Each structure stands twice: as C-alpha cells, then as structure tokens.
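Participant: Could you look at this predicted model? Sequence included:
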Protein chains: 2
Amino acid sequence: MSDLLERLRGRGWRMTSQRRVVAEVLDGDHVHLTADEVHARAARRLPEISRATVYNTLGELVTLGEVTEVSTDGRAKRYDPNAHRPHQHLVCSGCGTIRDVHPTGDPLADLPADERFGFTVSEAQVTYRGLCPSCT
Amino acid sequence: MSDLLERLRGRGWRMTSQRRVVAEVLDGDHVHLTADEVHARAARRLPEISRATVYNTLGELVTLGEVTEVSTDGRAKRYDPNAHRPHQHLVCSGCGTIRDVHPTGDPLADLPADERFGFTVSEAQVTYRGLCPSCT
DNA sequence: TCCTACGATGGACAGGTTCTAAGTCAAGAA
DNA sequence: TTCTTGACTTAGAACCTGTCCATCGTAGGA
C-alpha cells in the first residue's frame, strides 16, 4: 500500500494528509467505491476532509493513471484502484455489485479496420451484465 | 421513419403531437443524442414541449425496446435509435462522437465459467475508445 | 359530440459533480 | 530554524441531469 504513496511522491506529488488518506482508502480493500464512499471512509480518519478535495484527488489519480473511472450505470462513477492489471467488469443488474474479470481473447483484435472509420483505437472496455447469485 | 410511428401505433400507443415529434427526432439522423438534445430538436418543431415529456417518452421507448440507452461517460445518457441491429460503440476521447460498430466474435464466449462467479451473464457491452480523424 | 382516462405541463426537488473565493500549509530557500 | 510562496483545502454556492407531483389538456372510443 505504501507502493502507491511512494509512486505518487516519486512523481512530485505534494503530500498532504488529505491526499494520503484518500490514497490509502483506495489502496485498502480492492472494491469499487463511489466518490462519496471514498469521502465517507476518508472522513473516518480525517473528519474535516471536504468533498471537493476528494473529487480533486480522485481526478488527479485518474490523470496519473493510478486509478480508473468506471461508470456502469447513469449514477455515480466508481473508482477502480486496480489500474495496473488489465481487466474488465461484471456488473449485477440487480444490486449493482461489480467484479473484476479477465476474459480470454483481445476485443481490440475483433474490430476490423473497415469498422474503425479512421479512428486511432486504443482501448476496449467490456462490461458484462447479468444477475449475481443472490439476485438470481 | 413512419416505420417507428407505425410500430408504436400498432402497440396501442396513444399518439400525441409530442410523442410523434420525439419519435421523429430519434428516427431522423442516426446519431446518439442526449435527452437535452432531443428536447432541443423537438422544441424546434413544438416549442412548448416540456422536458418531463421528453424524459417520459424516451423512457417508454426504451421500455418498448425501440431505442437503447448508452452511457459512455458519467455525463448525460445518450439514446440510440438503432436498437434492432446488435452493435457496439466506438467513442472519440477527444470530442465524444459515437459511432456504431460491428466487431467480429462474441465477447460473451470469451468469459470462462470460472470467471463468472455464479452470475447468470446475459449481455456484453463493448466500448472502443480512441481518437477520431479530426481529433488525432 | 361528449367523456374520461391517459398524457403533458412546469415547477420543485434530489443526487452527483464542479466551481469559486478565501484561508492554510508543505517544502524549498536562506 | 524561520520565511516565503504557490499549491492545496475548505465550505458552500452553482450547475447538470434526471425524477416527482399536482394540475390541466386532449386523443380516441361510445
């Protein structure tokens, strides 16, 4: 977990108590938290942390490539700290639970040149949807 | 384009001028409009149409399976009138343009049983991201 | 033509996120 | 160590998207 803090420091990040707490929250359980959940967990350790700071910090972490944004429904974005190992997401249509999954094959290879319309395609995100065991 | 109106009438839809205009807007250019853009275009023909009506009508069209919702970023949902031919989306990270694409292969088949965690997986959405010719 | 249930209206409201102006502090310089 | 400064944080307002509600209007059958 200090890995992340080390990397951030190495990139010249000014280390404040707020940023440290946000980074530690994300680096803890590898679940997919909303900004509000991150704020709630951070506030347990640093009660006066403001929402704006959480949003700012999350935005910076995304820019730095340390976490990725996941927006599976139209509701709040979720933040995925597992940005270094490529993976896709499996979402329960019932309760919204998200799991990281690792499909075989490369979806990028499945998009023929004549379906790219001159785009420089760099990424393929796959979202699997279904019902989890408890919602079935 | 009257196809859509015919189908809706056939399903017992009560045809009002508002619903007609919304359906026609969607059935016009096959682009992916936000609810607000649909409202703006509809209002060019029927200035007093309200936002609530546009949201209601779009929601009904989604329920009927005539259009699908697409949320590629965390921002406004977009409405895709091309609901009858299965396809995926190619999104420009620069300007947000969305194109329908038809990859080969079936992403559902690429998710092994031991990566399904007991879920009943029913659908796989693929979002390709990159830069369009004008944003490159 | 008349009725009436279904649809439309607009304004309030709510959740999520971004912006702003003012105050605070980490970290390099002296 | 103390000073300095610009980057960071804060609270709250503002904004955007979407939903809800009470009331009014009208499509379409009798």
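Facilitator: Okay, I see it.
Participant: Kindly list the longest strand within chain A.
Facilitator: For chain A, the strand with the greatest residue count under DSSP state E is strand A:120-131.
Participant: list the buried ones in it?
Facilitator: A:121, A:124-131 (16 or more other C-beta atoms under 10 Å in any protein chain shown). C-beta coordinates here come from the backbone N, C-alpha and C atoms, glycine included.
Participant: How about residues contacting it?
Facilitator: The contact list for strand A:120-131 (C-beta atoms under 8 Å, 6 or more residues apart in numbering or on different chains) reads A:72, A:88-94, A:101, A:103, A:106-108, A:111, B:90, B:93, B:107-108, B:111, B:116, B:119-131, B:136.
Participant: Over to stretch A:46-59?
Facilitator: Outside stretch A:46-59, the residues touching it (C-beta under 8 Å, 6+ apart) are A:17-19, A:21-23, A:35-36, A:38-39, A:42-43, A:67, A:79.
Participant: Is it possible to get a markdown table of these that adds pLDDT and neighbour count?
Facilitator: Formatted as a markdown table, the contacts of stretch A:46-59 follow (pLDDT from 0 to 100; neighbours: other C-beta atoms under 10 Å in any protein chain shown):
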| residue | pLDDT | neighbour count |
| --- | --- | --- |
| A:Ser17 | 95 | 11 |
| A:Gln18 | 96 | 17 |
| A:Arg19 | 96 | 21 |
| A:Val21 | 96 | 21 |
| A:Val22 | 96 | 27 |
| A:Ala23 | 95 | 24 |
| A:Ala35 | 96 | 19 |
| A:Asp36 | 96 | 12 |
| A:Val38 | 96 | 23 |
| A:His39 | 97 | 20 |
| A:Ala42 | 96 | 25 |
| A:Ala43 | 96 | 16 |
| A:Val67 | 93 | 26 |
| A:Tyr79 | 95 | 25 |
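Participant: Which ones among those lie within helices?
Facilitator: A:17-19, A:21-23, A:35-36, A:38-39, A:42-43 (DSSP state H).
Participant: quick one: the helices in chain A?
Facilitator: Along chain A, the stretches classed as helices by DSSP H are A:2-10, A:17-27, A:35-45, A:51-63.
Participant: out of these, deepest packed?
Facilitator: Comparing the helices of chain A by mean neighbour count (mean count of other C-beta atoms under 10 Å in any protein chain shown), helix A:17-27 comes out on top with a mean of 20.
Participant: Chain B contacts on chain A?
Facilitator: Proximity of chain A to chain B, by C-beta under 8 Å from any C-beta of the partner chain, involves residues A:69, A:71, A:73-74, A:76-77, A:90, A:92-93, A:99, A:101-105, A:107-108, A:110-112, A:115-133, A:136.
Participant: From A:Leu64, how far out is the most centrally placed residue in chain A?
Facilitator: The centroid of chain A falls nearest to A:Asp80 when counting by C-alpha atoms, centre = their mean (2.0 Å). When distance is defined by C-beta to C-beta, to the nearest Å, A:Asp80 is 14 Å away from A:Leu64.
Participant: which helices and strands sit right next to the lowest-mean-pLDDT helix or strand in chain A?
Facilitator: Within chain A, no helix or strand scores below helix A:2-10, which has a mean of 80 by mean pLDDT, DSSP states H and E. Helices and strands touching helix A:2-10, by 3 or more C-beta pairs under 8 Å, 6 or more residues apart in numbering or on different chains; DSSP states H and E, are helix A:17-27.
Participant: Contact partners for the closest residue to A:Asp36 other than its chain neighbours?
Facilitator: In this structure, A:Asp36 finds its nearest non-sequential neighbour in A:Ala76, 6.6 Å apart by C-beta to C-beta, 6 or more residues apart in numbering or on different chains. The contact partners of A:Ala76, taken as C-beta under 8 Å, 6+ apart, are A:34-36, B:74.
Participant: just those residues that are near DNA strand C?
Facilitator: Residues shared between those and the neighbourhood of DNA strand C are A:34-36, B:74 [C-beta under 7 Å from any atom of the strand].
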